[in-house]
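Chemist: Let me see the structure of the following:
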Amino acid sequence: MAQNYKDELSGVETTGHEWDGLRELNNPLPKWWLYIFYVCIAWSLVYYVFYPAWPLGKSYTKGILGYSQREELVTKLAEGKAGQAKYLTAIAGKSVDEIQKDKDLLSFAMAGGRSYFNENCAACHGAGGQGAKGFPTLADDVWLWGGTTADIYQTIQHGIRSDDGETRGVPNAGMTAFGRDGILNREQIDQVTDYVLSLNGKQADAAKVAKGKTVYEENCVACHGDQAQGALAAGLDGIGAPPLKQANWLFGGDKATLVETVTNGRAGVMPAWSKRLDDATIKSLAVYVHNLGGGK
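Modeler: Residues are numbered from 1 along each chain as shown. A predicted model of the protein is given here:
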C-alpha cells in the first residue's frame, strides 16, 4: 500500500508512489493554470459548434455561422478585381502616351507595371532594370530599338527577332560573324577592335587603329554609323546595332570580348509578350519601364 512521506530536502509531501527508490512529490498545478485550461476546453467546444472544425471525408462540418476563409478570400479577390476593372478598361482603351498624361491612370499603371515587371522581366533585366551581360539595362538612355513609350510598348508586344509576325529586327538574324564566316581575318579583327577601343579613349596601338578605321568603314558603317553612333542615331531603324562609343556595353567592351563579338557575331532575342500578357498589362509595363530612368 502506498504511504505518504515528507521529502526531507524540499519539505513537500510525496504522492505515495515510488519507483526504484524514487518518490513523486505532490506538486499540483496552480489553480490559475487549471482555470485557464478549463476555459480553453470550453472555448474549443463552442468553436466546434459555430465554426468549421471536423473533417468528414471530402467535406467538413460547416458550423452554425457557416464561415469559410476560402470563401472570404475569393470574395476579397473579386472585390479587388472589380475595383481595378475601371482602370484596366481605361488603360486598354488609351494609347501609352495618353496614359502618361492622365495622373490617375499613370499612378495605377506604375503600380501594376512594377508588379508585372518583377513577375516577367526581372529574371533577365534585373529587379531595377539594371540589366546583365547579354540583357540590356532599361535605366539608361541607350535604346537600340527606340526609347519612347510607344517604342517600348511595341518592343514588349512583338519582341525582338522573335517568331511574331510584327517583331522588330529579322528573326534568327543579328550581327554578322565576321571571323567565323571568313569575311575578316584575325589581323583585320585585331585592327578593327583596336579602333573601337580608341573611340572609347582606351589604350590601343596607333598603327592598328589607323588600319582598323579602314576596316570599320568598309564593313561596319552600314549598321553602326560613320561616327559609331549606332543604328538608331544614324537613322537606321529596325537594325538594332548599338553605338560603339559608350561606357555601357551589352556583352563587354574589353579587347578580348570585342574580338569574340566581331568573330562570332551577336543576335539577342526577346520573346513577343503579346502571346502571354493582355494589352493593358503590356501598356502598364511600357509606362513603368519608360519611367525607370531611361527612355526619351
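Chemist: who touches the top helix by length along the chain?
Modeler: Using DSSP state H to define each element, the chain has its longest helix at helix 69-92. By CB atoms under 8 Å, 6 or more residues apart in numbering, the surrounding residues in contact with helix 69-92 are 99, 102, 104, 105, 108, 109, 278, 279, 280, 283, 284. Using the backbone N, CA and C atoms, a C-beta is placed for each residue, glycine as well.
Chemist: Repeat that for stretch 112-125.
Modeler: Contacts to stretch 112-125, defined as CB under 8 Å, 6+ apart, come from residues 127, 129, 131-132, 135-138, 273, 276-277, 281, 284-289.
Chemist: if you set the cut-off to 7 Å instead, what comes out?
Modeler: 127, 131, 135, 138, 281, 284, 285, 287, 288 (CB atoms under 7 Å, 6 or more residues apart in numbering).
Chemist: Could you dump these into JSON lines with secondary structure and neighbour count added?
Modeler: Formatted as JSON lines, the contacts of stretch 112-125 follow (DSSP: H, G, I helix; E, B strand; the rest coil; neighbours: other CB atoms under 10 Å):
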{"residue": "127", "secondary structure": "coil", "neighbour count": "11"}
{"residue": "131", "secondary structure": "coil", "neighbour count": "17"}
{"residue": "135", "secondary structure": "strand", "neighbour count": "16"}
{"residue": "138", "secondary structure": "coil", "neighbour count": "24"}
{"residue": "281", "secondary structure": "helix", "neighbour count": "23"}
{"residue": "284", "secondary structure": "helix", "neighbour count": "29"}
{"residue": "285", "secondary structure": "helix", "neighbour count": "26"}
{"residue": "287", "secondary structure": "helix", "neighbour count": "25"}
{"residue": "288", "secondary structure": "helix", "neighbour count": "23"}
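Chemist: What are the buried residues along stretch 38-48?
Modeler: By 16 or more other CB atoms under 10 Å, stretch 38-48 has no buried positions at all.
Chemist: and if you look at stretch 132-152?
Modeler: Buried residues in stretch 132-152, counting neighbours by 16+ other CB under 10 Å, are found at 135-140, 142-147, 149, 151-152.
Chemist: same check, this time on stretch 208-224
Modeler: Applying 16+ other CB under 10 Å to stretch 208-224 flags 208, 209, 211, 212, 213, 215, 216, 219, 220, 223, 224 as buried.
Chemist: ditto for stretch 96-112
Modeler: Those would be 96, 99, 100, 105, 106, 108, 109, 112, for stretch 96-112 by 16+ other CB under 10 Å.
Chemist: again, but for stretch 275-294
Modeler: Applying a neighbour-count criterion of 16+ other CB under 10 Å, the buried positions in stretch 275-294 are 277, 280-292, 294.
Chemist: Residue 122 versus the closest residue to residue 275 other than its chain neighbours, what's the distance?
Modeler: If the residues on either side of it in the chain are set aside, residue 275 comes closest to residue 164, at 7.5 Å by CB to CB, 6 or more residues apart in numbering. From residue 164 over to residue 122 the distance is 22 Å, taken as CB to CB, to the nearest Å.
Chemist: Those two: which has the busier surroundings?
Modeler: Comparing residue 164 with residue 122 by other CB atoms under 10 Å, the one with more neighbours is residue 164, at 17 against 14.
Chemist: what's the helix or strand for the spatially closest residue to residue 208 that is not a sequence neighbour?
Modeler: Computed as CB to CB, 6+ apart, the closest residue to residue 208 that is not its neighbour in sequence is residue 194, at 4.0 Å. Using DSSP states H and E, residue 194 falls within helix 186-199.
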